[in-house]
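Q: I'll drop the sequence and a predicted model, then ask my questions.
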Amino acid sequence: MFISDFAIKKPIVTVTVMLALVIFGLIALVALKTDEFPDVQPPVVAVTIVYPGASPETVERELIDPIEDAIFSISETRWGLMAGIILPQLCQAIGLRQVRRYALSGERFGAQEARRIGLVHEVVPAGELQNAGERLVGQLLQNAPEANAQTKAVALEFAWGAIDEAALERLVVQHAAKRRSREAAEGLASFHEKRPARW
């Protein structure tokens with residue numbers, strides 16, 4: 001009863017207090033650092049199998065069963081290309097010595113070797129692939145999305161300290177030029193025709 005009695009007896013004070021509250025509220029609202037649509041990049045986990053031109057049944061029959069025996073290769077030089085765009089990331093992931101070995105030789109290596117050199121995090125039998133993916137997704141979902149996004153952004157910002165915009169642009173230009181070279185044309189033709197390249 002006190003508030004209503006006071007508001008009736010002192011209308012000017014009541015209106016002044018209400019206006020002050022509204023003005024302070026508007027000032028606080030404008031100064032409040034919030035974003036209704038924050039740029040949150042959720043983590044992405046992909047469990048994929050690529051087999052160009054194959055039907056889903058072929059992929060299931062020929063690839064899913066032997067997935068534990070996956071074969072990797074940095075084969076660009078075999079086809080007359082240069083892996084320039086991915087070389088900084090590969091050097092960061094597996095180190096310069098391994099990049100020089102596998103990128104220059106183009107040799108194939110298995111899943112266990114890929115894990116040993118740091119190219120993949122985990123090798124699982126084909127039957128456990130979905131469970132492994134679900135387990136990792138479950139781990140990610142336990143974390144705060146914005147904290148994950150910020151951690152990912154900062155990690156990527158500092159991951160390749162020596163790669164600036166100019167260096168990345170140079171790598172892209174080199175890669176594009178190499179794809180248009182005679183060597184690349186011969187290498188890609190040999191790949192499509194399933195024959196040794198004529199270097």
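A: Cool, got the structure.
Q: how about the lengthiest helix in the chain: buried residues?
A: Counting residues, the longest helix found in the chain (DSSP state H) is helix 11-31. Neighbour counts over helix 11-31 (16 or more other Cβ atoms under 10 Å) mark no residue as buried. All C-beta atoms are positioned from the backbone trio N, CA, C, and that covers glycine.
Q: what is the mean pLDDT for that helix?
A: Averaged across helix 11-31, pLDDT comes to 89.
Q: equivalent analysis for stretch 115-132, please.
A: 83.
Q: quick check: buried residues in that stretch?
A: Quick answer for stretch 115-132 (16+ other Cβ under 10 Å): Ile117, Leu119, Val120, Val123, Val124, Ala132.
Q: could you single out the nearest of the residues you listed to Leu156?
A: Nearest to Leu156 out of the buried residues of stretch 115-132 is Leu119 (Cβ to Cβ; 18.0 Å).
Q: next structured bit after the helix or strand bottoming out on mean pLDDT in the chain?
A: Least confident helix or strand, the chain: helix 56-59 with a mean of 59, by mean pLDDT, DSSP states H and E. Downstream of helix 56-59, the first helix or strand assigned by DSSP states H and E is strand 71-73.
Q: what mean pLDDT does the next helix or strand after that following strand get?
A: Where DSSP H and E defines the elements, the next helix or strand beyond strand 71-73 is helix 87-94. Here helix 87-94 scores 84 as its mean pLDDT.
Q: remind me what helix 87-94 packs against, helices and strands.
A: helix 96-105 (3 or more Cβ pairs under 8 Å, 6 or more residues apart in numbering; DSSP states H and E).
Q: domain ranges for this structure?
A: 2-31, 56-192 (automatic domain parsing).
Q: what does stretch 85-100 contact?
A: 74, 83, 102-103, 117-119, 159-160, 162-163, 171-172, 175 (Cβ atoms under 8 Å, 6 or more residues apart in numbering).
Q: ends of it, how far apart?
A: Criterion Cα to Cα, to the nearest Å; first-to-last residue distance in stretch 85-100 is 15 Å.
Q: related to what we said a few turns ago, which one of the buried residues of stretch 115-132 is nearest Ile23?
A: Looking across the buried residues of stretch 115-132 and measuring by Cβ to Cβ, the closest to Ile23 is Ala132, at 57.2 Å.
Q: element containing the closest one?
A: helix 129-141.
Q: tell me the helices and strands packed up against that helix.
A: So helix 129-141, by 3+ Cβ pairs under 8 Å, 6+ apart, packs with no helix or strand.
Q: list the buried ones in the helix or strand following it?
A: Next helix or strand after helix 129-141 toward the C-terminus (DSSP H and E): helix 145-159. Going by neighbour count (16+ other Cβ under 10 Å), the buried part of helix 145-159 is Asn148, Ala149.
Q: and the angle from the helix or strand just after helix 145-159 to helix 87-94?
A: Where DSSP H and E defines the elements, the next helix or strand beyond helix 145-159 is helix 165-179. Here the directions of helix 165-179 and helix 87-94 differ by 110 degrees (axes from the mean of the first three to the mean of the last three Cα atoms, to 10 degrees).
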